[in-house]
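Engineer: no sequence for this one, just the structure:
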């Protein structure tokens, strides 16, 4: 018997993968590699907190509202602290833009070359009912000189300037999915070893699909173009799948094909999702996987941000489905049928 069969390889760890791929980075100095490791470390800690939340009374509302006007959950606060601490201690990041903080956060690392925009815990209101939630992050190279604090200009860069982006989904298994502009790879966490292992190499979103994800509770305020596209999906016997956690809905459609839509509505005329730390990172990922993302009229990554917490509509997923949705909106605009 071959003794090697008694101890089969466990796979490629995230650290080893990052090390091997370092030459693919535009700035191969090792700092971006370390920054990705810092994010992975914080994700492991947050994963631990989520898994024991029901045992130590850290689920539920924290009692205050964040800058978005949303009720903060206790785990929102914990995740925000964990990621900020990891990024500050790592030394590569000069400035952080977080969903949970109104102002940009200065880490004190004035020589740091990177900016991180992050939603520390997306979908956290679902934690009490054991629904998958996640973390979304975006990494930019600073444009201001080093040796001083980061500026708002560092944070307000279009999505085309991202050097890396990713998300962590805390579900039946915990996965980290990221891109540095050279394809998309997914890593699954093995808790007994405390490591992320490559499980989904070179992810490609199917060109089309049969899943549409939209909150149809707001259907009375959909524009004519959005309503027409949703009707087409129904007429084609698409499956409606809407979890209410952005990361979970996006992750499913990335792997299986489909479209996620959060359009402008009467209640949220500018859209609801945040451009810098929700839409841009997921748009970068989906494009690297062969998909498409837009606000219905313009490529998401080309939107010029005006404020740190800017919101925008999003149509994201399989290329053919997003293009079809854009066509319906263009027809609506041509007919003057927006309502």
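Structural biologist: Everything's here; your move. On a predicted model such as this, the values are computed, not experimentally measured, just so you know. Numbers count the residues shown, from 1 in each chain.
Engineer: residue 288 touches residue 181, doesn't it?
Structural biologist: Yes: Residue 288 is within contact range of residue 181, at 6.7 Å (criterion: CB atoms under 8 Å). The way it works is simple: take the backbone N, C-alpha and C, and place the C-beta from them, glycine included.
Engineer: neighbour-wise, which of the two wins?
Structural biologist: residue 288 (21 against 14; other CB atoms under 10 Å).
Engineer: now that one. Its backbone dihedrals?
Structural biologist: phi -70, psi -20 (degrees, to the nearest 10).
Engineer: who touches it in this structure?
Structural biologist: Listed by CB atoms under 8 Å, 6 or more residues apart in numbering, the contact set of residue 288 reads 179, 181-184.
Engineer: can you list the low-confidence ranges for this protein?
Structural biologist: 1-9, 24-29, 53-71, 337-339 (pLDDT under 70).
Engineer: ok now do the closest residue in space to residue 244 that isn't next to it in sequence, which residues does it touch?
Structural biologist: Of all residues not flanking residue 244 in the chain, residue 126 sits nearest, at 6.3 Å (CB to CB, 6 or more residues apart in numbering). Shown in contact with residue 126 (CB under 8 Å, 6+ apart): 132-133, 243-245.
Engineer: out of those residues, who's the most crowded?
Structural biologist: Of the contacts of residue 126, with other CB under 10 Å as the count, residue 133 tops at 26 neighbours.
Engineer: assign residue 251 to helix, strand or coil.
Structural biologist: helix (DSSP: H, G, I helix; E, B strand; the rest coil).
Engineer: ok, it touching residue 172?
Structural biologist: No: using CB under 8 Å, residue 251 is not in contact with residue 172; the gap is 11.5 Å.
Engineer: could you pull out the helices for the stretch 101-250 of the chain?
Structural biologist: Per DSSP state H, counting those that start in this stretch, the stretch 101-250 of the chain carries helices over the ranges 152-155, 224-235, 246-256.
Engineer: of these, which is nearest residue 52?
Structural biologist: helix 246-256 (20.4 Å; CB to CB).
Engineer: quick one: stretch 223-236 to chain centroid distance?
Structural biologist: 26 Å (CA atoms, centre = their mean, to the nearest Å).
Engineer: buried set for it?
Structural biologist: Residues 223-230, 233 are the ones in stretch 223-236 that count as buried (16 or more other CB atoms under 10 Å).
Engineer: could I get these as JSON lines with distance to residue 326?
Structural biologist: Supplementary listing: these in JSON lines, determined by distance: CB to CB, whole Å:
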{"residue": "223", "distance to residue 326": "13"}
{"residue": "224", "distance to residue 326": "14"}
{"residue": "225", "distance to residue 326": "9"}
{"residue": "226", "distance to residue 326": "11"}
{"residue": "227", "distance to residue 326": "15"}
{"residue": "228", "distance to residue 326": "12"}
{"residue": "229", "distance to residue 326": "9"}
{"residue": "230", "distance to residue 326": "14"}
{"residue": "233", "distance to residue 326": "14"}
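Engineer: all strands of the stretch 51-200 of the chain, in order?
Structural biologist: Taking DSSP state E, counting those that start in this stretch as the test, the strands found in the stretch 51-200 of the chain are 61-65, 71-73, 93-98, 105-106, 114-122, 133-141, 162-170, 174-179, 184-190, 195-200.
Engineer: where do the strands of the stretch 201-339 of the chain begin and end?
Structural biologist: 211-213, 239-240, 259-262, 292-294, 314-317.
Engineer: for those, which one ends up most surrounded?
Structural biologist: Highest mean neighbour count of the strands of the stretch 201-339 of the chain: strand 314-317, a mean of 30 (counted as mean count of other CB atoms under 10 Å).
Engineer: which non-adjacent residue is nearest residue 151?
Structural biologist: In space, residue 151 is closest to residue 144, 4.8 Å off (CB to CB, 6+ apart).
Engineer: before we move on, what about residue 141?
Structural biologist: Distances taken as CB to CB, 6+ apart place residue 163 nearest to residue 141, at 5.4 Å, with adjacent residues excluded.
Engineer: care to break this protein down by domain?
Structural biologist: 14-200, 211-332 (automatic domain parsing).
Engineer: what's the spacing between the shortest one and its chain's center?
Structural biologist: So that's domain 211-332. Using CA atoms, centre = their mean, the offset of domain 211-332 from its chain centre is 14 Å.
Engineer: got the end-to-end distance for that domain?
Structural biologist: 23 Å (CA to CA, to the nearest Å).
Engineer: grab the most central residue of this structure for me.
Structural biologist: residue 136 (3.4 Å; CA atoms, centre = their mean).
Engineer: list the buried ones in the biggest helix by length in the chain?
Structural biologist: When the chain is parsed with DSSP state H, its longest helix is helix 31-51. In terms of neighbour count (16+ other CB under 10 Å), helix 31-51 has its buried residues at 31-33, 35-47, 49-50.
Engineer: for that helix, packing partners?
Structural biologist: Packing contacts for helix 31-51, counted by 3 or more CB pairs under 8 Å, 6 or more residues apart in numbering; DSSP states H and E, involve helix 14-20, helix 74-90, strand 114-122, strand 133-141, strand 162-170, strand 174-179, strand 184-190.
Engineer: to residue 310, which of the ones you listed lies closest?
Structural biologist: strand 114-122 (11.2 Å).
Engineer: what angle separates the closest one from helix 246-256?
Structural biologist: For strand 114-122 against helix 246-256, the angle by axes from the mean of the first three to the mean of the last three CA atoms, to 10 degrees is 100 degrees.
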